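Colleague: Sequence and predicted model, in that order:
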Amino acid sequence: QVQLVESGGGLVQPGGSLTLSCAASGFSLDYYAIGWFRQAPGKEREGVSCISSTGSSTWYADSVKGRFTISRNNAKNTAYLQMNSLRPVDTAVYYCATDCPSEVAVFGYDNWGQGTQVTVSS
């Protein structure tokens, strides 16, 4: 079964950190860009970050720039999102995809996983 599985979410206090993982199952991530997205309650899904297939190029939404770091380990078939200085507004379900937000915005994406819940609260 070809799928991406997100993990690593949880409850964290403002200012805290979490690292999310995006593990591929049934296929190799080697030739895919990986995008991270999030959806807060009552809001549309938004793009957060993206990393090219080789890891040489990254993109961040302005709202997370300087706080989040995307990375990947193709040998482990996994991508990551390191989130620091978390704020309550970062509370959302986080998803990964084999496309960057710019491509998803144009072409759509229909293979969303379950996501992982991140809650930032004191």
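Modeller: Yep, that arrived.
Colleague: Going by C-alpha atoms from here, please, whenever you check contacts or count neighbours.
Modeller: OK.
Colleague: Check the gap between the residue most central in space within the chain and Ser122 for me.
Modeller: Nearest residue to the geometric centre of the chain (Cα atoms, centre = their mean): Trp36, 2.6 Å. Taking Cα to Cα, to the nearest Å as the criterion, Trp36 is separated from Ser122 by 25 Å.
Colleague: next structured bit after the one helix or strand Val48 maps to?
Modeller: Val48 belongs to strand 46-51 when assigned by DSSP states H and E. Stepping forward along the backbone from strand 46-51, the first helix or strand reached (DSSP H and E) is strand 58-60.
Colleague: Helix, strand or coil: sort out Val104 for me.
Modeller: Three-state call for Val104 (DSSP: H, G, I helix; E, B strand; the rest coil): helix.
Colleague: Report how many residues lie close to it.
Modeller: As a burial measure, the neighbour count of Val104 was computed by other Cα atoms under 10 Å and equals 15.
Colleague: same question, Asp110
Modeller: Using other Cα under 10 Å, Asp110 has 8 neighbouring residues.
Colleague: Buried ones in the helix or strand bottoming out on mean pLDDT in the chain, by neighbour count?
Modeller: Taking mean pLDDT, DSSP states H and E as the measure, the helices and strands of the chain show their lowest mean at helix 101-107, namely a mean of 93. For helix 101-107, burial by neighbour count (16 or more other Cα atoms under 10 Å) applies to Pro101.
Colleague: packing partners for that helix?
Modeller: Helices and strands in packing contact with helix 101-107 are listed as strand 34-39, strand 46-51; criterion 3 or more Cα pairs under 8 Å, 6 or more residues apart in numbering; DSSP states H and E.
Colleague: can you do 10 Å?
Modeller: For helix 101-107, the elements it packs on are strand 34-39, strand 46-51, strand 58-60, judged by 3 or more Cα pairs under 10 Å, 6 or more residues apart in numbering; DSSP states H and E.
Colleague: Who does the top strand by length along the chain pair with, and is each partner parallel or antiparallel?
Modeller: Longest strand in the chain by number of residues, with DSSP state E as the criterion: strand 18-25. Using DSSP bridges, the strands paired with strand 18-25 in its sheet are strand 3-7 (antiparallel), strand 78-83 (antiparallel).
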